[in-house]
Each structure stands twice: as structure tokens, then as C-alpha cells.
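build the 3D model from these lines:
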Amino acid sequence: MSPDEAIENAARVLRNAEGETNLATMERLNELADTWLAMGALLLQRDRA
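Numbers count the residues shown, from 1 in each chain. Here you go, the predicted model:
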């Protein structure tokens, strides 16, 4: 997996969260997007090492 793929996954999750009406689900999707962004950052560090 590349950093770009992780960021794309985060963006996809956030787009889904925008249409969500259930607050708890929206918060979970936001947490999932945060996880994808963190993974993207780790992958970027790996690629730069």
C-alpha cells in the first residue's frame, strides 16, 4: 500500500461520513479516517527512510 492509497481511503471514508445522519456512526467514520491518515504518514516515513 502506498501513502496515496491510504489518503484516498481516508477521503472516501470522510465523504461517506458527510452523508451520515447518525452522530455515533459519523464519529466512528471520522476516527477511521484519522487511522487511514496516520497509516499514510507512517507509509510516507517508510518510503523516505
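
CA atoms for contacts and neighbours, from now on please.
Will do.

which element is Glu20 on?
Counting by DSSP states H and E, Glu20 is held by no secondary-structure element, helix or strand.

quick one: pLDDT of it?
Listed pLDDT for Glu20 reads 93.

that one contacts Glu27, doesn't it?
No: Glu20 sits out of contact with Glu27 when judged by CA atoms under 8 Å, with a separation of 9.7 Å.

and the strands in this protein?
For the chain, no strands are identified by DSSP state E.

any stretches of it with poor pLDDT?
Within the chain, the set of residues satisfying pLDDT under 70 is empty.

let me see the ranges of the helices in it.
Secondary structure of the chain by DSSP state H: the helices cover 3-18, 23-48.

most packed of those?
Compared across these, helix 3-18 shows the largest average neighbour count, a mean of 17 (mean count of other CA atoms under 10 Å).

contact partners of it?
For helix 3-18, contacts defined as CA atoms under 8 Å, 6 or more residues apart in numbering pick out 25-26, 29-30, 32-37, 39-44.

which one of those is nearest to Ser2?
Relative to Ser2, the closest of the contacts of helix 3-18 is Leu43; by CA to CA it sits at 6.5 Å.

tell me the contacts of the closest one?
For Leu43, the set of contacting residues under the criterion of CA under 8 Å, 6+ apart consists of 1-3.

try 7 Å
Each residue near Leu43 by CA atoms under 7 Å, 6 or more residues apart in numbering is listed here: 2-3.

from Asp34, how far off is it?
Computed as CA to CA, to the nearest Å, the Leu43 to Asp34 distance reads 14 Å.

same question, Met26
Using CA to CA, one gets 12 Å for the distance from Met26 to Asp34.

same question for Leu42.
12 Å.

next one: Glu20
Glu20 sits 17 Å away from Asp34 when distances are taken as CA to CA.

and Ala24, by the same measure?
For Ala24, the distance to Asp34 (CA to CA) stands at 15 Å.

same question for Arg15.
According to CA to CA, Arg15 and Asp34 sit 13 Å apart.

also Gly19?
When distance is defined by CA to CA, Gly19 is 18 Å away from Asp34.

and if you look at Leu14?
Between Leu14 and Asp34 the computed distance is 9 Å (CA to CA).
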